[in-house]
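Asker: Predicted structure and sequence below. I'll ask about it afterward.
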Amino acid sequence: MKMDIKHTAELSRIRLTDDELKEFTPQMESILKSVEVLKEKDTTDILPMKEHIPFDSLRNDIPKSSLTQEEVLKNCKHTENGCAKIYGDIFGSDEG
Amino acid sequence: MNTDEHYDVIIGLEIHIQTKTKTKMFCSCPTGYFQEEPNTHVCPVCLGLPGALPVVNKHALELCILMGLALNCEIDSQVHFDRKHYFYPDLPKGYQISQYKRPICHNGWVKLPSGTIVEIERIHQEEDVAKSTHHIESISGKPYTLIDYNKSGVPLIEIVTKPCITNAKDAKDYATRIRQIARYLDISDADMEKGQMRCEPNISIQEKGKWQLKDGKIVPIGQYKLNPKTEVKNIGSITAVEKAIEYEIQRMHDQIKNGEKITQQTRGWNADKNITEFQRSKESADDYRYMPEPDIPIIDIPKDEVNKIKTMLVELPDEKVQRYTNDWGLSKYSAEVISSSKESAYYFENLQKRLSQIMTEKEAAKEASNWLMGTIYAIANKSGKDWSQLNISLEELSSIILAFKDGIFTKSRAEEIIQQKIDTGCNIEEEIERMRKQKGENTTNIDAIIDTVISQNQKAVEDFKNGKTASIGFLVGQVMKATNGTADPNIVKNTLEKKLK
């Protein structure tokens, strides 16, 4: 199975060099190949195996207390006015 | 509006509505974040911390199903959630929990006031993302983004139409109707300025006779190549829905006329300039790598659960218009204005009920409609307020109307009292009692009052006697003034004529 590693990397916001692409493509392909064996089984009309729960058992709409602002921002590298502060277009990509 | 007769306009609308729950979609954090301190309504679940698991809010699903029932949809017997992946700081998990192949509600329709039917493709449940605002750092000049996660995880339903809307006016009417229904059912306040409701139209123009609608999709006929569509975002009001679509249609027509190529793109509405602006091109299809959400089991919805939700339905604006016009003989226009909000419809119906004490139901409805449309809404319009902000209660208004019907004062005097009440907050019951007493006195004294008016207005009396019959009107007016509008003008006129013969 051919895999477009470049496209997948872009979707994942991972920047890969040409060398890295060359290195990873066969690796990813071999992973896919090893799971390809699953395709041999005919799954027509077979429903996904997943747990079912009744509607009634869902959570009632009753609020509970949240974290404090201090706790929420604890792991942030930068903050401003109670908000998480992020440089660049995505996840600190342009933090320099 | 463009009148280019060679092209059809094709519009589909996606509407997102934040539903009115106390807690978020997948955690127990409170939803009321408006104007609250940032990042104070947040927990490990809506912050997307590793290991945190979603727990589905039952009431949110009830509201989604309720909207589906109101829009005549089929309701699925199971709820399946999926992950929609994309990476952006406003989405801390890296995916949004949404629904892909099996939306809870599908195949519905809604009727517009014009009679046009808009077909609903689907309504699905998802979660809102965090709020991000973009800035430039003053010292370094670096761009940065501030993120408040309070909005992250608030229940959101997405209502998608089939591409069946053919003009901007219908799109606006459709958005208005959806907002009305959401408010009638208390599913949401659906305030677009607060972001509780968001409209994103998809627009394309296609050559007439060269395309068809097949299974809810636009497909070309023969060798025709479909024109790409644009999606418009950042629409902040219902009127902007219409304006943005009209602008886009015109822009596409112009492009074709100028021999330019229409490209698939996302554009943003600029409300200050009244134009759409290019945001990004969509050369490749969105690739969200949807997959079934493994952390949420399949939820079974039994039929009787749906029936229970059905009892939350109320009479909707379309049905109210039907009843007001058929049973009570109101004009379609009045019925639509009155039923445009739940509050005004209830006010009208309660007023009608009170007036029914002294007249037939139909007369009471007409009377109530006339006072609302002719007096109350007019006063509200003049003062630039919503009628519900006017300082006059249902009891007060009905007392005034009943006193008028009882012949205590004229209609114009009644309107003066209403205006006076709204302006100064006077006591209506006292005012009516005073007028009633004066009326009693006037009836016994009317002869004396008329005599006084005759003796004080000799010029008009002479004119009348010399054949200028119109001057009787002036004399009647003087008597009405002297009686504070409580006398019956017809009786006054007759008595005056007798006396002046």
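Answerer: Here it is on my side, so go on. Just so we're clear, the structure is a prediction, and the values are computed from it rather than from any experiment.
Asker: switch to C-alpha atoms for all contacts and neighbour counts from now on
Answerer: Noted.
Asker: where does chain A have low pLDDT?
Answerer: Chain A contains residues with pLDDT under 70 at A:1-3, A:89-96.
Asker: if you set the cut-off to 80 instead, what comes out?
Answerer: Along chain A, segments meeting pLDDT under 80 span A:1-3, A:47-48, A:88-96.
Asker: Next, name the residue at the spatial heart of it.
Answerer: Geometric centre of chain A, nearest residue: A:S12, 7.7 Å, by CA atoms, centre = their mean.
Asker: For chain A, give me its nearest residue in the stretch 101-250 of chain B.
Answerer: In the stretch 101-250 of chain B, the residue found nearest to chain A is B:Y144; the distance is 4.2 Å by CA to the nearest CA.
Asker: Quick one: classify that residue as helix, strand or coil.
Answerer: Of the three states, B:Y144 takes strand under DSSP: H, G, I helix; E, B strand; the rest coil.
Asker: Kindly state the beta-bridge partners for it.
Answerer: A:Y87, B:H135 (DSSP bridges).
Asker: Local confidence estimate at it?
Answerer: Predicted confidence (pLDDT) for B:Y144: 91.
Asker: Near the closest residue to chain B within chain A, how many residues? Count them for me, please.
Answerer: Per CA to the nearest CA, A:Y87 is where chain A lies closest to chain B, at 4.2 Å. Around A:Y87 there are 21 other residues, counting by other CA atoms under 10 Å in any protein chain shown.
Asker: thinking it is in contact with B:G141, fair?
Answerer: No. Between A:Y87 and B:G141 there is no contact under CA atoms under 8 Å: 11.0 Å.
Asker: tell me which parts of chain A are close to chain B?
Answerer: A:11-13, A:50-56, A:58-69, A:72-73, A:79-80, A:82-91 (CA under 8 Å from any CA of the partner chain).
Asker: out of the residues you listed, which are inside strands?
Answerer: A:52-54, A:79-80, A:83-87 (DSSP state E).
Asker: So B:P44 sits against B:P54, correct?
Answerer: No. Using CA under 8 Å, B:P44 is not in contact with B:P54; the gap is 9.9 Å.
Asker: thought B:G153 was touching B:S28?
Answerer: No. B:G153 lies out of contact with B:S28 (CA under 8 Å); the separation is 10.1 Å.
Asker: Smallest distance to chain A belongs to which residue of the stretch 301-450 of chain B?
Answerer: For the stretch 301-450 of chain B, CA to the nearest CA, closest residue to chain A: B:I301, 5.5 Å.
Asker: now the farthest one out in chain A, which residue is it?
Answerer: Residue farthest from the centre of chain A, counting by CA atoms, centre = their mean, is A:D56 at 30.5 Å.
Asker: Ignoring the adjacent residues along the chain, who's closest to that one?
Answerer: Leaving aside its chain neighbours, A:D56 sits nearest to B:K58 (7.8 Å; criterion: CA to CA, 6 or more residues apart in numbering or on different chains).
Asker: Local confidence estimate at the one you found?
Answerer: 98.
Asker: Name all residues that make contact with it.
Answerer: A:55-56, A:58-61 (CA atoms under 8 Å, 6 or more residues apart in numbering or on different chains).
Asker: Specify the helix with the largest residue count in the chain.
Answerer: Defaulting to chain A. Criterion DSSP state H: the longest helix present in chain A is helix A:18-35.
Asker: that's the wrong chain, I wanted chain B
Answerer: In chain B, assigned by DSSP H, the helix with the most residues is helix B:428-456.
Asker: could you dump the next helix or strand after that helix to PDB, C-alpha only?
Answerer: Under the assignment DSSP states H and E, the closest C-terminal helix or strand after helix B:428-456 is helix B:458-465. As requested, the backbone C-alpha atoms of helix B:458-465 are provided in PDB (Å, rounded to 0.1, in the frame of the first residue of the first chain):
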ATOM      1  CA  GLN B 458     -70.100  82.800  19.400                       C
ATOM      2  CA  LYS B 459     -68.100  83.200  16.200                       C
ATOM      3  CA  ALA B 460     -68.400  79.400  15.400                       C
ATOM      4  CA  VAL B 461     -72.100  79.400  16.300                       C
ATOM      5  CA  GLU B 462     -72.700  82.300  13.900                       C
ATOM      6  CA  ASP B 463     -70.800  80.500  11.100                       C
ATOM      7  CA  PHE B 464     -72.800  77.400  11.700                       C
ATOM      8  CA  LYS B 465     -76.100  79.300  11.600                       C
END
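Asker: Just give me how far the helix or strand hosting B:I123 sits from the chain centre.
Answerer: Per DSSP H and E, B:I123 falls inside strand B:117-127. Chain-centre distance of strand B:117-127: 19 Å, with CA atoms, centre = their mean, to the nearest Å.
Asker: Equivalent analysis for stretch B:399-415, please.
Answerer: 32 Å.
Asker: And for stretch B:421-431?
Answerer: On CA atoms, centre = their mean, the centre of stretch B:421-431 falls 31 Å from the chain's centre.
Asker: Outside of that stretch itself, list whatever touches it.
Answerer: With CA under 8 Å, 6+ apart, stretch B:421-431 has contacts from B:390-392, B:396, B:399-400, B:417, B:420.
Asker: Counting by contacts, list what the helix or strand containing B:S334 packs against.
Answerer: Using DSSP H and E, B:S334 falls within helix B:332-338. Contact partners of helix B:332-338 among helices and strands, from 3 or more CA pairs under 8 Å, 6 or more residues apart in numbering or on different chains; DSSP states H and E: helix B:317-326, helix B:342-355.
Asker: again, only using 10 Å
Answerer: helix B:317-326, helix B:342-355, helix B:361-370 (3 or more CA pairs under 10 Å, 6 or more residues apart in numbering or on different chains; DSSP states H and E).
Asker: May I see the buried residues of it?
Answerer: B:334-338 (16 or more other CA atoms under 10 Å in any protein chain shown).
Asker: can you put those in CSV and add pLDDT?
Answerer: Below are these laid out as CSV (pLDDT from 0 to 100):
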residue, pLDDT
B:S334, 96
B:A335, 96
B:E336, 95
B:V337, 94
B:I338, 95
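Asker: All set, thanks.
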